[in-house]
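Asker: just coords:
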């Protein structure tokens, strides 16, 4: 498993690890019951704290992407379409919340935001036809 860790990123390392493993699972590069590297092995390979890797694995376990059997390791869980769709929805919601916050700081009203959103949607969907 090859991961890219950007130590100068504002995104915490555990989130980078979790996001990349999620992508490997969603793309099919990691399949159900595939073992993940141990916390210690991954920490050693990338020269990062084992606690950071453990936190990434805990997040993945909590979100249903992996399951951990104490003393046995962590394995890719059976991923349902609902888990993938919920994850994608959460990403979009987070992006929209950030976009709305920026627009509010710039003084846009709710009406301005709704109008802008509709214009952007029409523009994007017209281009895709």
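Answerer: Yep, it's here. For clarity, every value in this text was computed on a predicted model and none was experimentally measured. Residues are numbered from 1 along each chain as shown.

Asker: all helices for this protein, in order.
Answerer: Along the chain, the stretches classed as helices by DSSP state H are 13-26, 39-46, 50-62, 81-105, 110-128.

Asker: Give the buried residues for stretch 70-82.
Answerer: Neighbour-count burial for stretch 70-82 flags 73-74, 76-77, 79 (criterion: 16 or more other Cβ atoms under 10 Å). In this view, the C-beta of every residue, glycine as well, is placed from N, C-alpha and C.

Asker: returning to what we had before: with respect to residue 1, which of the helices of the chain lies nearest?
Answerer: Of all the helices of the chain, it is helix 13-26 that lies closest to residue 1, at 6.8 Å by Cβ to Cβ.

Asker: What are the contacting residues of stretch 14-26?
Answerer: With contacts defined as Cβ atoms under 8 Å, 6 or more residues apart in numbering, stretch 14-26 is touched by 1, 3-6, 9, 11, 30, 36, 42, 52-53, 55-56, 59-60, 63, 65-66, 76, 79, 84, 87.

Asker: what about that stretch, distance to the chain center?
Answerer: Put simply, stretch 14-26 sits 6 Å off its chain's centre (Cα atoms, centre = their mean, to the nearest Å).

Asker: buried sites along it?
Answerer: Residues 14, 16-22, 24-25 are the ones in stretch 14-26 that count as buried (16+ other Cβ under 10 Å).

Asker: Can you list which of the buried residues of stretch 70-82 are found in strands?
Answerer: Among those, the members found in strands (DSSP state E) are 73-74, 76.

Asker: that older thread, among the buried residues of stretch 70-82, which one lies nearest to residue 124?
Answerer: Top of the list for closeness to residue 124, among the buried residues of stretch 70-82 and by Cβ to Cβ, is residue 79 at 28.3 Å.
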